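>>> pasting the structure only:
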């Protein structure tokens, strides 16, 4: 039935503490990332959430994560799904 959804800063901030798992690129926890789409409030809410965070090593920022090998996006998504299944 009638699934509902919302988007935007307030919806993300409000729901960040109500979910079990947060996924996305590592940029979602960096204030002002993704060309300014990730506001400081969003980054704080997501990084402060008690939810398990499973992040992809993708970002547009000048942030490099040492020890991460470059993998094609489809491989990263497969690994992300596997991780979600393991924690669910």
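Arrived safely, thanks for sending. Keep in mind the model is a prediction, meaning the values are calculated, not measured.

>>> same question for the helix of greatest length in the chain, mean pLDDT?
Ranked by number of residues, the top helix in the chain under DSSP state H is helix 73-87. For helix 73-87, the mean pLDDT works out to 94.

>>> who are the neighbours of it, in terms of helices and strands?
Judged by 3 or more C-beta pairs under 8 Å, 6 or more residues apart in numbering; DSSP states H and E, helix 73-87 is in contact with strand 21-25, strand 52-56. Every C-beta, even on glycine, is put in place using the N, C-alpha and C of the backbone.

>>> For the residue most central in space within the chain, which residues are in contact?
In the chain, the C-alpha closest to the average C-alpha coordinate belongs to residue 24, at a distance of 3.1 Å (C-alpha atoms, centre = their mean). Neighbour list for residue 24: 55-56 [criterion: C-beta atoms under 8 Å, 6 or more residues apart in numbering].

>>> so how far is residue 56 from it?
The spacing between residue 24 and residue 56, counted by C-beta to C-beta, to the nearest Å, is 7 Å.

>>> what do the two both touch?
Joint contacts of residue 24 and residue 56 (C-beta under 8 Å, 6+ apart) do not exist.

>>> Over to the closest residue to residue 42 other than its chain neighbours. Which of the three states is it?
Distances taken as C-beta to C-beta, 6 or more residues apart in numbering put residue 12 closest to residue 42, at 5.1 Å, once the chain neighbours are dropped. Following DSSP: H, G, I helix; E, B strand; the rest coil, residue 12 is assigned to helix.
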